[in-house]
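Colleague: Quick one: sequence and predicted model below, then my questions.
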Amino acid sequence: MCASNFSGKTLSQLCVLALLFPLMGSGQDKNSAPPGKTDPGSNTVRLTIVVTGGDAKKPVDSASVYVKFVEERKLTKDKKIEMNLKTNLSGVCHVPEIPRGKVLIQVIAPGWKTFGEYYEVNQAEQAINITLSHPPKWY
């Protein structure tokens, strides 16, 4: 009975508004960081690993880079995370966002001595330079 007072055009406009209203609140927050940028106050780190080798410090491509860290949880056991990555032709490896704290980085490349060391990562964006050495000669 009440709907008969509205014309068909007005009713369709109300339906469109009712459908669009929930979408208006889902816009991006003005204070949120743009994609690809990290918030300096956040607890995550964007890590870049540069692998070079020898005295000439030439880039080592296709080196296997293992990044291991512990993801702390409040209600359950902490979770151990391991990422297996490869360096590009420039010897660079970009690690997805990881939590701040202690990180084990291991590098394995054919013709080079295996590398492994713990690092403390605590900046929003951090670069780690790793120089591999030649393995000892066997006689």
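Modeller: Here it is on my side, so go on.
Colleague: Look up how far K74 lies from the nearest residue to P136 once chain neighbours are set aside.
Modeller: Leaving out its chain neighbours, the residue that sits closest to P136 by CB to CB, 6 or more residues apart in numbering is K113, at 7.9 Å. For the C-beta atoms, the positions are set from N, CA and C on the backbone; glycine is no exception. To K74, K113 is 40 Å away according to CB to CB, to the nearest Å.
Colleague: Same check on N84?
Modeller: 28 Å.
Colleague: Could you check which of those two has the larger neighbour count?
Modeller: N84 (9 against 5; other CB atoms under 10 Å).
Colleague: partners of the more buried one in the sheet?
Modeller: Beta bridges link N84 to Y66 when assigned by DSSP bridges.
Colleague: swap in R46?
Modeller: E125.
Colleague: check which helix or strand covers F69.
Modeller: strand 64-71 (DSSP states H and E).
Colleague: Does anything pack onto that strand? Which helices or strands?
Modeller: Secondary-structure packing of strand 64-71 (3 or more CB pairs under 8 Å, 6 or more residues apart in numbering; DSSP states H and E): strand 44-53, strand 79-86, strand 92-99, strand 101-108.
Colleague: Tell me which of those is the most buried.
Modeller: For the helices and strands packed on strand 64-71, the largest average neighbour count (mean count of other CB atoms under 10 Å) is found in strand 44-53, namely a mean of 19.
Colleague: And the residue nearest to the spatial centre of the chain, how far from P110?
Modeller: Residue closest to the mean C-alpha point of the chain, counted by CA atoms, centre = their mean, is P96 at 1.9 Å. Look at P96 and P110: by CB to CB, they are 25 Å apart.
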